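K.L.:
What shape does this take:
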Amino acid sequence: MKGKSPIMGQMEKVYRHTRANSFGTRARYESSCRNFISFLDNHYKMKNLRNLQDKHVVAYIQKRQADGIAPKTLKNDLGAIRYMHDMIPNVKYELADNKELTKTFLIKLEKTPA
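P.N.:
Numbers count the residues shown, from 1 in each chain. Below is the predicted model:
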């Protein structure tokens, strides 16, 4: 059994030191980010969360859509990923919002009720 990946440790540190939002929201965001981080680890062998780019987010969206994940869940995941990204110091890349992602990468994000 191998240990925790470097980026999983970085993600856990972000959540260990955050006090924003309710306990439920933080738990939900952390769960979403765990899924995302294990995807990054398996597909990109990423070592540092500071290197997170739009291409990683788009690949994750496409995988989740292929898995049949509901659009509302997917948008919640994207919110969690952006929240985590905002907490990482000295990031190398800014992440695009949903509108930019759909325009630039031609992905389809369905409209969801508020």
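K.L.:
pLDDT weak spots in this protein?
P.N.:
Across the chain, the ranges flagged by pLDDT under 70 are 1-3, 113-114.
K.L.:
Quick one: residues in contact with the lengthiest helix in the chain.
P.N.:
Criterion DSSP state H: the longest helix present in the chain is helix 23-44. If you take Cβ atoms under 8 Å, 6 or more residues apart in numbering as the criterion, helix 23-44 is touched by 5, 7-8, 11, 15, 18, 20-21, 46, 52, 56, 59-60, 63, 76-77, 79-81, 83-84. The C-beta positions use only the backbone N, C-alpha and C, and glycine is treated the same way.
K.L.:
Just the buried ones among the residues you listed, please.
P.N.:
Neighbour counting by 16 or more other Cβ atoms under 10 Å classes 5, 7-8, 11, 15, 46, 52, 56, 59-60, 76-77, 80-81, 83-84 among the contacts of helix 23-44 as buried.
K.L.:
Can you tell me which residue sits nearest the middle of the protein?
P.N.:
Ile81 (2.9 Å; Cα atoms, centre = their mean).
K.L.:
Now do the helix or strand it falls within and helix 23-44, the angle between them.
P.N.:
Per DSSP states H and E, Ile81 falls inside helix 71-87. Here the directions of helix 71-87 and helix 23-44 differ by 90 degrees (axes from the mean of the first three to the mean of the last three Cα atoms, to 10 degrees).
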